[in-house]
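> give me the fold of what follows.
(one chain, ligands or ions: 1)
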Amino acid sequence: MEEEKRKGLRVVLFPLPLQGCINPMLQLANILHSRGFSITVIHTRFNAPRASSHPLFTFLQIQDGLSDAEIRDAPTSNVMSLLAQINLSAESPFLDCLNKVLLESKDSSEKVSCLIDDCGWLFTQTVSESLKLPRMVLCTFKATFFNAYPTLPLIRAKGYIPLPDSEAEDSVPEFPPLQKRDLSKIFGEFGEKLDPFLLVVVETTMNSSGIIYMSCEELEKDSLTLSNEIFRVPIFAIGPFHSYFSAASSSLFTQDETCIPWLDSQEDKSVIYVSLGSVVNITETEFLEIACGLSNSKQPFLWVIRPGLVLGAKWIEPLSEGLVRSLEEKGKIVKWAPQQEVLAHRAVGGFLTHNGWNSTLESICEGVPMICLPGGWDQMLNSRFVSDIWKVGVHLEGRIEKKEIEKAVRMLMVESEGEKIRERMKVLKDEVERSVKHGGSSFRSIETLSNYLLSL
Ligand code: UDX
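Okay, the predicted model is just below:
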């Protein structure tokens with residue numbers, strides 16, 4: 001009956017143009033479509049999703065104000081600056097596009113229920129209010145991190161940075177389990193320039209009709225309750241989205257499928273998978289340290305080196321021929337991998353990760369323990385949860401040095417401490433798995449969300 005009512009309803013989605021934000025938005029689209037909703041995806045020209053991979057959805061592209069050259073150079077540019085630029089340029093094209101969708105729906109039997117867009121868009125609440133369309137916010141961060149948005153400017157103003165070495169491991173009283181040494185990588189080069197951005201996000205979220213989290217009570221029940229108190233809107237934690245639909249179809253890069261036969265030829269739980277996601281950059285020195293650390297560990301590895309990952313390099317040119325040969329003895333290097341499939345492979349026993357929230361959840365759901373090498377922003381908090389709270393990984397504490405990498409890989413993959421971490425990961429995986437099964441907390445939240453959208 002409820003499903004029948006949803007059949008006459010359309011939801012409009014607007015992802016932030018980053019891989020780590022497009023994946024969850026299109027997975028959410030699939031979840032809602034499976035519950036009877038029709039889907040329209042409005043997207044920028046920059047990092048446009050592949051419409052042909054989602055034939056059941058309607059895709060509408062808008063101008064984002066970036067030039068051809070800016071789009072071409074994006075892999076090696078500061079992506080946060082590009083997003084800031086789009087936030088300034090895309091409001092009017094977005095308004096026109098959304099207005100058109102609403103006008104068309106007036107002539108059809110289908111009603112538009114609401115807009116769901118990323119918490120990183122700054123203008124969408126104003127637009128949706130002007131069109132009298134309810135707006136829901138998709139948060140692609142852990143709720144604990146989003147909850148800190150209102151307090152981050154206060155934390156910055158406390159003057160914890162620069163930090164004396166003696167206080168590096170102290171916890172941040174306003175933001176546990178973060179340590180003071182994590183803060184410089186959260187505020188990065190932006191510093192106080194972040195304050196107005198955070199303020200707008202908090203205000204617009206408080207004026208929205210609700211927040212959807214890719215998370216679950218099993219991972220952060222208290223933070224979800226707190227989120228409801230902070231933002232004073234309904235909260236829906238509907239689980240790791242990839243448990244329902246894979247992210248593979250929304251990949252912006254070509255996935256190198258040769259990893260799978262290579263993994264087939266490896267022993268069970270012997271391979272360390274290495275990937276730093278779609279945004280993080282490292283220096284050439286750090287790159288060479290990782291290469292030597294992996295090579296010296298003597299452990300097989302699958303390493304995703306995204307073109308543009310290494311600052312100032314196109315791809316792997318900083319590696320000498322000798323180092324490439326020694327890496328190839330034990331490992332495989334690809335430009336982009338089918339990550340979910342890789343993590344689910346029986347041969348993968350560890351994940352050296354930047355702890356993006358998608359990667360962290362994907363690793364938990366496959367029961368793969370992690371080595372944490374966060375690059376910034378929410379990754380600093382995710383990695384603390386992995387290493388200090390759930391204790392399902394080891395933290396490199398920013399030491400991108402060959403000896404540290406070799407030590408962490410061997411500890412996780414061959415030593416008894418690694419075995420204990422693996423056991424704890426198995427328990428966490430089972431808990432999260434229960435939440436997405438029929439009757440579990442996330443599963444029930446999808447039902448509640450679907451009915452809520454119906455009521456808007
Ligand atoms: C960023 C933030 O780091 C993240 O915390 C936030 O939630 C979204 O924006 P990103 O750095 O790209 O995202 O990391 P992550 O969240 O881990 O997302 C990467 C996605 O790309 C994952 O779904 C992963 O499966 C996929 N991926 C990554 C591949 O499919 N292949 C690869 O080789 C690497």
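> excluding residues flanking it in the chain, which one is nearest R10?
Sequence neighbours aside, S38 is the residue nearest to R10 in space, at 4.2 Å (criterion: Cβ to Cβ, 6 or more residues apart in numbering). All C-beta atoms are positioned from the backbone trio N, CA, C, and that covers glycine.
> quick one: residues contacting that neighbour.
Counting by Cβ atoms under 8 Å, 6 or more residues apart in numbering, S38 makes contact with K7, L9, R10, V11, T58, E110.
> buried subset of these?
Buried by 16 or more other Cβ atoms under 10 Å: L9, R10, V11, out of the contacts of S38.
> for the helix or strand where the second one lies, name the packing helices and strands.
Meaning R10. Assigned by DSSP states H and E, R10 belongs to strand 9-14. Contacts defined by 3 or more Cβ pairs under 8 Å, 6 or more residues apart in numbering; DSSP states H and E place strand 9-14 against helix 19-34, strand 38-44, helix 91-106, strand 111-118, helix 441-455.
> by how many degrees do the first one and helix 441-455 diverge?
Between helix 19-34 and helix 441-455, the angle formed by their directions is 70 degrees, by axes from the mean of the first three to the mean of the last three Cα atoms, to 10 degrees.
> give me the mean pLDDT for helix 19-34.
Throughout helix 19-34, pLDDT has a mean value of 97.
> thinking again about what came up before, which pair in the contacts of S38 spans the largest distance?
The largest separation in the contacts of S38, counting by Cβ to Cβ, is between K7 and T58 at 15.5 Å.
> picking up where we left off before, residues making contact with the strand holding R10?
Against strand 9-14 from outside (Cβ under 8 Å, 6+ apart): 25, 28-29, 32, 36-43, 94, 98, 101, 105, 110-118, 121, 124, 133, 453-454.
> now those residues: which count as buried?
Counted by 16+ other Cβ under 10 Å, the contacts of strand 9-14 give 25, 28-29, 32, 36-43, 94, 98, 101, 105, 112-118, 121, 124, 133, 453-454 as buried.
> out of those residues, which touch the ligand?
Among the buried ones among the contacts of strand 9-14, not one lies near the ligand by Cβ under 6 Å from any ligand atom.
> start and end of stretch 277-290, how far apart?
15 Å (Cα to Cα, to the nearest Å).
> tell me the contacts of I421?
Contacts of I421 (Cβ under 8 Å, 6+ apart): P369, K391, V392, G393, V394, L412.
> now it: phi and psi?
The phi/psi pair for I421 (degrees, to the nearest 10) reads phi -60, psi -40.
> list the contacts of the helix or strand encompassing A291.
Using DSSP H and E, A291 sits within helix 284-297. Applying Cβ under 8 Å, 6+ apart, the external contacts of helix 284-297 come out as 272, 274, 282, 301, 303, 309-313, 318-319, 323, 326-327, 330-331, 400-406, 409-410, 413.
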